[in-house]
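> A predicted structure for the sequence below; I have some questions about it.
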Protein chains: 2
Amino acid sequence: MTIRDVAVRAGVSAATVSRVFSRPESVTLETRRRVLSAADELRYAPHPVARSLARGNTGNLGLVVPDIAVAFCAVVTKAVSHRARRAGYALFVADSDDRSAPLAADDVRSARAMARQVDGMLLLSPTMSDDDLRALAETVPVVVVNRALDGLPGVLMPSAQGAVAAVEHLHALGHRRLAYLAGPDNYSNRARQAAFGDTCRRLGVDGIVLGSFDPTFDAGVRAADLVLAAGATGVLAYNDDIAAGVVGRLADRGAAVPSRCSVVGFDDTALASMITPRLTTVRLPMADAGEVAVGLLLDLLRGVPPRPGPVELPVELIVRGSTGTAPEVAA
Amino acid sequence: MTIRDVAVRAGVSAATVSRVFSRPESVTLETRRRVLSAADELRYAPHPVARSLARGNTGNLGLVVPDIAVAFCAVVTKAVSHRARRAGYALFVADSDDRSAPLAADDVRSARAMARQVDGMLLLSPTMSDDDLRALAETVPVVVVNRALDGLPGVLMPSAQGAVAAVEHLHALGHRRLAYLAGPDNYSNRARQAAFGDTCRRLGVDGIVLGSFDPTFDAGVRAADLVLAAGATGVLAYNDDIAAGVVGRLADRGAAVPSRCSVVGFDDTALASMITPRLTTVRLPMADAGEVAVGLLLDLLRGVPPRPGPVELPVELIVRGSTGTAPEVAA
DNA sequence: GTGAAAGCGCTAACAC
DNA sequence: GTGTTAGCGCTTTCAC
């Protein structure tokens, strides 16, 4: 079924059929009806690929995430998907698969390939180098999430503030020896780790850094023993998965949380409310970030001048059962 | 940068450039070199959209999932994404968003729109009606996951077997009154619920059905109280999230798991190993399912005659700490 | 308001 | 092996 079939059946030209599907108001009601019913009988719908070629835009958005199976990414993806759809865009998703480092080059290539099939791209904290990223941005409108790269519009969830709040919280509970469990070496981890160190220094508490660890539960299990060995009574983990692993392992070793050791996570993924005790954690507005990022991208596509800096979304420390007064104080 | 720019720069025709990028071996090494270096200098790469239109295929695959933020879906998505990429395909993902039922029609439409931009589609247990699904399959090669629809190739993880194993397990532990916590009314839930009922009858144990519940932790929390009220000592939940909610709530109420009540989940998502006690659950080979489904789709695209029935992947009961002997027996 | 014609960038016969 | 030609299905000036 092509546009021409519909045209002959409706007794009009192909151009008119095209208009009916693009700018219906530019066609008489009468002919519009004829065309529409012809299209209906023929079960015709415009071919998006042909349309893309002729129009020079695709109606698609692209999203690159480090690991779609990680809750954080999945939540952002969902939000992006919905916002995109509401705006009439379909979504390409590429899982860049952080872990298999050798594929990084492959990654850049696949991003580039995607670039030509979409009107704009969203990059979630990619492993890609700054230069590759900039090169990509020359090709196609780009918005970055969770990464600061000046010149590029982006949305940031200022982890540093969250880390500060977490350390202050633990300090207020009387903890004097804290451990930060570092995650993968990316933008977010650097921000969190730096803020952790600074705040410990400012408050005059011991702040040690352990890791880095994979951002997984199992890594947290391993980390727990190091925490105990290091004599820390308060822990800030790179993310909720690690924190949950710590909590689980401490419970297994009979080191009760929070009476013996307090644990704070990062992200506030669903997991944080699913374990016992429920996890005190820094809530990152992941869904908002996804939505806002799409909004920025849409603006970009509409030619709205991009705002100078990145959009910062507020983070918030959510206090739950995994943190309590330090053992020395309690005793 | 179009193919023509490269052609003039390399001093050849557009067709030759095209060949260099499509079937390089059909071009002299010498001209190939010239073309390639011209392309390089011009930073040319074939435009995928134009290529799609001319070739009649897109190099893209499409995936529709009910909720990408659900661990089960995310794992399948990841596997699909990787397998597709290895085969040189990019991936469209649509989150059909089960929960907002009013969007179902919208859903069909978006699936149809996607259909024309991909060479084939993977449908993960969609809410779509059988008829809509068949209509879609007329348009584009389709493989279904977790849904039996004869005529359509698909991959199934026979939940029923898992439910049988779970009930037998609980029965062997001495439980005589079991509850099944029903999930959303879909193919998987029907299979599990039916097998639960049948097996209870066969073994002569009481089998009651509670629900249906949303497939979430919070729903499980609510379900726990109903379980206790119903006097069941063994629970089989529609999925791990519900099961985890039950475990959490029972712990809060002082009804220890498994000494007071045993709980079995479904899926073996990461969560199952993250809670205390770790969850006995029916492992579904989600990643395999994704890979196999893509394999089937690729076969379909290559014209390999589809096998008659769906591919069945083995499920397995994983026994962990959340199940133990029934209280009556223990006492 | 509608049609004719040119073209989006590439591929695929078919000649040479 | 390479060039010529004719599209893929749609949009979009430009006339009328």
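Yep, that arrived.
> How far off centre is the one helix or strand residue A:296 maps to?
Under DSSP states H and E, the secondary-structure element containing residue A:296 is helix A:286-302. A distance of 12 Å separates the centroid of the chain from that of helix A:286-302, by Cα atoms, centre = their mean, to the nearest Å.
> which residues touch the next helix or strand after it?
With elements assigned by DSSP H and E, the helix or strand that comes after helix A:286-302 is strand A:311-312. Residues outside strand A:311-312 that contact it (Cβ atoms under 8 Å, 6 or more residues apart in numbering or on different chains) are A:153-158, A:292, A:296. Backbone N, C-alpha and C define where each C-beta goes, glycine included.
> Mean confidence (pLDDT) on stretch A:252-268, please.
When pLDDT is averaged along stretch A:252-268, the result is 95.
> what about it, start to end distance?
Stretch A:252-268 has an end-to-end distance of 23 Å (Cα to Cα, to the nearest Å).
> Please identify the buried residues of it?
A:255, A:257-258, A:260-268 (16 or more other Cβ atoms under 10 Å in any protein chain shown).
> What is the neighbour count of residue A:301?
15 (other Cβ atoms under 10 Å in any protein chain shown).
> so who does it touch?
So residue A:301 contacts A:119-120, A:141 (Cβ under 8 Å, 6+ apart).
> Check it and give its pLDDT.
On the pLDDT scale, residue A:301 gets 95.
> contact partners of stretch A:282-290?
Outside stretch A:282-290, the residues that reach it (Cβ under 8 Å, 6+ apart) are A:72, A:75-80, A:83, A:145-146, A:155, A:157, A:159, A:162-163, A:165-166, A:264-268, A:313-318.
> Repeat the analysis, applying 6 Å as the threshold.
The contact list for stretch A:282-290, computed with Cβ atoms under 6 Å, 6 or more residues apart in numbering or on different chains, reads A:75-76, A:79-80, A:145, A:155, A:157, A:162, A:166, A:266-268, A:313, A:315-318.
> Give me the subset of the residues you listed that also touch chain B.
Among the contacts of stretch A:282-290, the residues lying close to chain B (Cβ under 6 Å from any Cβ of the partner chain) are residue A:75.
> Apply the buried test to the contacts of stretch A:282-290 and list what passes.
A:75-76, A:79-80, A:145, A:155, A:157, A:162, A:166, A:266-268, A:313, A:315, A:317-318.
> how about the residues you listed, which pair is most distant?
For these, the maximum inter-member distance is 27.4 Å, found between A:80 and A:166 (Cβ to Cβ).
> Which positions in the stretch 151-300 of chain A make contact with chain B?
Residues of the stretch 151-300 of chain A lying near chain B (Cβ under 6 Å from any Cβ): A:217, A:244, A:248, A:251, A:274, A:276.
> Please report how far the third one lies from residue A:255.
Put plainly, it is residue A:248. 11 Å (Cβ to Cβ, to the nearest Å).
> near chain B, which residues of the stretch 1-150 of chain A show up?
Going by Cβ under 6 Å from any Cβ, the residues of the stretch 1-150 of chain A near chain B are A:47-50, A:52-53, A:68-69, A:74-75, A:77-78, A:81, A:91-93, A:95, A:116-117.
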